[in-house]
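Chemist: Just to be clear, the model below is a prediction. Sequence and coordinates:
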Amino acid sequence: MTSIELRAIGKRYGAAWALRDVSLRVEPGEFFTLLGPSGCGKTTALRLIAGFLDPDEGEILIDGADVRGVPPWRRDLGLVFQNYALWPHLSVFEHVAFGLRERHVPRAERTARVREALRLVSLEGFEHRRPSQLSGGQQQRVALARTLVLRPRALLLDEPLSNLDATLRAQMRIELRRLHRELGITTVFVTHDQAEAMALSTRVAVFDRGAVIQVGTPAEVYRRPRTRFVAEFLGAANLLSGTVQGDTVRVHGAEGRRDGLRLRVADPAAGDGAPVVCVVRPEAIQRVASGAAVANRLDATVLTVVYLGGRHECELALAGGLTLRAELATHGGAEAPKPGERIVVAIAPEDVVLLIE
Amino acid sequence: MLIRPGQAALFVVILALLVVFIGYPLARVLIVAVSSDGGFTLAHLVAFFQRGLFVEALVNTLVAGAAAVVLGSVVALPLALLLARVDFPGRGIAQTLALLPLVVPPFVGAVAFQQVLGRSGVVNLFLLDTFGTTVPFMEGLTGVILVQALHYFPFILVNTAASLAGIDPAAEEAAQSLGCHGVRLLWRVTLPLALPGFGAGALLAFIRVIDDLGTPLMLNYTKMLAPQAYLRVTTVGMNDADGYVICVILVALSLAALVAAKALLGRGDWASLARGPERHPSRLRGARAWAAWALVAVLLIPALVPHLGIVALSVSKVWSFSYLPTRFTLDNYGEILVRTPHFVWNTLRYALLAAGIDVVLGAAIAWLLVRGRMPGRGVLDMLATVPLAVPGVVLAIGYLRVFHDWDVPGLGQPLTATWLILVIAYAARRLPYTVRAAYATMQQLHVSMEESAQSLGAPPGRTFLRITLPLLTRGLVAGGVVAFITSAVELASTILLVPRIELGPLSYGIYIYMQSAVGRGPGAALGVVAIVLVAVGTWVINRLAGRNAGAAWRL
């Protein structure tokens, strides 16, 4: 199994830095996701690993060996392109056999391995089809089979699901997870879709403007974002600025109003008077009975309600002119919130994440 | 849907024009070829294949077409790869040089090649002086193939390069990441993907070669189909069926090649695949850049040097049996500009008129095809495309047949007795250029642009004038300039249709001058004028169409 490491990588296009001082290590057998908005440098990072670009600074290690200057065809990595990059003049079988022929694998073994690879991606019986006779999902499987058949050291996936419709995308997501579990192959996955990253990854590296902002398991980056960008990019988040006071944060009211509110936090992580931003996920806000003895009990007025099935997305008005986005679960008998209704909500102290700015 | 009367009237008028000047003359050629005493017969067709001379002409035509394509590909393919895939200092210049052969009318090129490679040309003089022997480069079919290959290879180049540029970079990167690179990558992925463009270019060049009358005539080699058709009609007469049979065979060959080319380019499985990002080749420097230029030089010098001969010939008093002209003069230019200025003047007015007609018709036809709702648009489309596959000889013979003995009311003489017939022939032959230019642009204009004008109160005619036409201008003018320059050097239909020598255009003048030894100087001077005309036109196209300048030569 293969490890991949980027050390202090810098890559420039003309005068603009596409990547700057990027370091990260993909452990053997990991499903590692490079996540970020378009233009953040994640695809550049993948192409550096694949060998289609050379870094201007830093080094790239695969299994501990520096691969700078090694051309793509000697890196033994399986790259799957966003648009699949199938060849219109070759059949499915010829696609999968392509790399085997480059490696002079004897015909009998070649045929056997192609069949096995096609079985792995459930494409048996499609050997003689041309790419144009395949659906998007099938094209995707051909692109996968074509690389997997070579048993590459690692699999590099460049937004492989973004050209599929929603149902197929969910299906291929499961498929990718199964393949990764079955083959145990080190996988680097590029995406801008945080839900995809959450669903698939062992660990995630969040990219922004050419830099890695945070690396961690999906739960870590979601629950403990280190910056405002990470918090907002990984799902919806309420951001409330305030100052630390003991084990609470005094949240400032909107537009400089003095009458904010006070939130108890699990770990203040900074001394009194330090300016911080509280991150509160919408689903961390729970409706409670008016007399309930819980921390961070807040009186709120429901402004808007959107029914999402199983839960309601609400906009809540709090003291100090603050508004919160909340996703309130509708349990069995619980009544749906109505616009204008006054309710009581609570936020567990451990669900308030502090960003020191 | 309601069809507005204005649209219907426009449709009927244009359809009538195309039927009278394209459909009907071609139909008459076909009818004469397959009828005898008013009844249908295949006897003429059978007779064609029983005549040794005709079969030889057919075989020679096919051989010339195939050989010119093969030889042209040898030049064009490496150049296409180089220009499409490699960046080096001066690449733009190399690109222009590679298109330059198109600038020289092929029959002028034929004269130039004679001067350099002919029996007493520069190269053979050198071989004779050095080795005591000569090589018959320009004798018979060899000469025709050589001239045509080196004239028409840019068609292959431009189409292949376009195809190469259109390949998704990821398709090649995928192969690289699977272990395939270098020559194997070229062979297994790149070239197969460029095959449709190459095939289309090769077929276009093939059509041009078999359609070309000027080159064989200039080289005095007549055992090919186009010269045979010309000779039958001019020597045996308009009622000889053989000439028409040859025409039908010529059209069938071109049509088959055109259909094949369209089919190659239209292959859905090629077009339907997604496209990746732009490709940015790295720029070669130092020794590698010089190597690129060396390759360009090796490939282009044979095609370009002979044309310098034309310039030299135009300013020489005496140039025979010597490497370079021995005495220089400007008399040749005096001759063509003062004594026989009508050649240049006629060319300008015929070609401009024809191009103007094509621009107007092209815009109208494209509009009717893309936005119109008239039934029968398919017929219009076909009639406007078919001239691509109709050799000039064939159209000219059709015109002679149809208009020869019919006095136009008001003119008091048949069309073929006036210079109008030349303008009409040029306009008919080049119409596809403007139609395609306008059609392509119009397909990219979203219909909502026109609908919003209409909802603001502009009826369809006004909408076309105020919105559509301004947006079409660039493409249309570029198509018009192509029509102009190709008309200006059209020889095939010209030599059959010129009513009197003083009504002849420049191409006719060159042909007449080149018949005699003393005329070679003035003929070459006219050739230089033709080159300048076409070069200026090409420059204008470049300015108008920018990076897509090659588009005019593509299918």
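Modeler: Done, it's in.
Chemist: What residues does the residue nearest to the spatial centre of chain B make contact with?
Modeler: In chain B, the residue lying closest to the centroid (C-alpha atoms, centre = their mean) is residue B:208, at 6.1 Å. Residues in contact with residue B:208 (C-beta atoms under 8 Å, 6 or more residues apart in numbering or on different chains) are B:148, B:152, B:155. (Each C-beta comes from the backbone N, C-alpha and C, glycine too.)
Chemist: before we move on, what about residue B:39?
Modeler: Going by C-beta under 8 Å, 6+ apart, residue B:39 touches no other residue.
Chemist: Beta-bridge partners for it, please?
Modeler: Residue B:39 has these beta-bridge partners by DSSP bridges: residue B:36.
Chemist: Give me the lowest-pLDDT entry from the contacts of residue B:208.
Modeler: Across the set of the contacts of residue B:208, residue B:155 stands lowest in pLDDT, at 85.
Chemist: which SS state does it fall under?
Modeler: Following DSSP: H, G, I helix; E, B strand; the rest coil, we place residue B:155 in the helix state.
Chemist: do the one helix or strand residue B:144 maps to and chain A meet?
Modeler: Taking DSSP states H and E as the criterion, residue B:144 maps to helix B:140-165. No: using C-beta under 8 Å from any C-beta of the partner chain, helix B:140-165 stays clear of chain A, coming no nearer than 12.0 Å.
Chemist: what packs against that helix?
Modeler: Applying 3 or more C-beta pairs under 8 Å, 6 or more residues apart in numbering or on different chains; DSSP states H and E, one finds that helix B:140-165 contacts helix B:52-85, helix B:91-99, helix B:106-117, helix B:191-211, helix B:214-218, helix B:286-314.
Chemist: Now tabulate the ones you listed in TSV and tack on distance to residue B:462 and mean pLDDT.
Modeler: Shown next, in TSV, are these (distance: least, C-beta to C-beta, whole Å; pLDDT from 0 to 100):
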stretch	distance to residue B:462	mean pLDDT
helix B:52-85	44	93
helix B:91-99	40	82
helix B:106-117	45	81
helix B:191-211	39	88
helix B:214-218	45	88
helix B:286-314	49	87
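Chemist: With distance to residue B:369 as extra columns, can I get these in TSV?
Modeler: Listed next are those as TSV, based on distance: least, C-beta to C-beta, whole Å:
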stretch	distance to residue B:369
helix B:52-85	31
helix B:91-99	29
helix B:106-117	32
helix B:191-211	21
helix B:214-218	33
helix B:286-314	37
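Chemist: following the helix holding residue B:144, which helix or strand comes up?
Modeler: Going down the chain from helix B:140-165, the next helix or strand is helix B:169-177, by DSSP H and E.
Chemist: chain center to that next one: distance?
Modeler: Centre-to-centre, helix B:169-177 and its host chain are 36 Å apart (C-alpha atoms, centre = their mean, to the nearest Å).
Chemist: And for stretch A:136-151?
Modeler: The chain centre lies 22 Å from the centre of stretch A:136-151; the measure is C-alpha atoms, centre = their mean.
Chemist: With stretch B:49-65 instead?
Modeler: Its chain's C-alpha centre and that of stretch B:49-65 lie 23 Å apart, by C-alpha atoms, centre = their mean.
Chemist: got the CA positions of that stretch in PDB?
Modeler: What follows is stretch B:49-65, C-alpha atoms only, in PDB (Å, rounded to 0.1, in the frame of the first residue of the first chain):
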ATOM      1  CA  PHE B  49     -16.200   2.500 -70.600                       C
ATOM      2  CA  GLN B  50     -15.500   1.000 -74.000                       C
ATOM      3  CA  ARG B  51     -13.300   3.800 -75.200                       C
ATOM      4  CA  GLY B  52      -9.700   3.200 -74.200                       C
ATOM      5  CA  LEU B  53      -8.900   7.000 -74.000                       C
ATOM      6  CA  PHE B  54     -11.800   7.700 -71.600                       C
ATOM      7  CA  VAL B  55     -11.000   4.700 -69.300                       C
ATOM      8  CA  GLU B  56      -7.400   5.800 -69.200                       C
ATOM      9  CA  ALA B  57      -8.600   9.400 -68.400                       C
ATOM     10  CA  LEU B  58     -10.700   8.000 -65.600                       C
ATOM     11  CA  VAL B  59      -7.900   5.900 -64.200                       C
ATOM     12  CA  ASN B  60      -5.500   8.800 -64.500                       C
ATOM     13  CA  THR B  61      -7.900  11.100 -62.700                       C
ATOM     14  CA  LEU B  62      -8.300   8.700 -59.800                       C
ATOM     15  CA  VAL B  63      -4.600   8.000 -59.700                       C
ATOM     16  CA  ALA B  64      -3.800  11.700 -59.700                       C
ATOM     17  CA  GLY B  65      -6.300  12.400 -57.000                       C
END
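Chemist: Report the buried residues of that stretch.
Modeler: Judged by neighbour count using 16 or more other C-beta atoms under 10 Å in any protein chain shown, the buried positions of stretch B:49-65 are B:54, B:57-58, B:60-62, B:64-65.
Chemist: Let me know the closest of these to residue B:238.
Modeler: The closest of these to residue B:238 turns out to be residue B:54 (C-beta to C-beta; 18.5 Å).
Chemist: Quick check: the closest one vs chain A, distance?
Modeler: To chain A, residue B:54 is 40 Å away according to C-beta to the nearest C-beta, to the nearest Å.
Chemist: Quick check: closest non-adjacent residue to that residue.
Modeler: Using C-beta to C-beta, 6 or more residues apart in numbering or on different chains and skipping residues adjacent in sequence, the residue nearest residue B:54 is residue B:48, 5.0 Å away.
Chemist: Wait, that neighbour touches residue B:241, no?
Modeler: No: using C-beta atoms under 8 Å, residue B:48 is not in contact with residue B:241, being 9.2 Å away.
Chemist: before we move on, back to that, the residue nearest to residue B:54 looks like it's in a strand, true?
Modeler: No: assessed with three-state DSSP, residue B:48 is helix; it does not lie in a strand.
Chemist: count of neighbours near it?
Modeler: 19 (other C-beta atoms under 10 Å in any protein chain shown).
Chemist: so where's the stretch 51-200 of chain A uncertain?
Modeler: Within the stretch 51-200 of chain A, no range satisfies pLDDT under 70.
Chemist: Show me which residues of it sit near chain B.
Modeler: Residues of the stretch 51-200 of chain A lying near chain B (C-beta under 8 Å from any C-beta): A:51-52, A:71-79, A:81-89, A:98-99, A:102-103, A:130-133, A:143, A:146-147, A:150, A:163.
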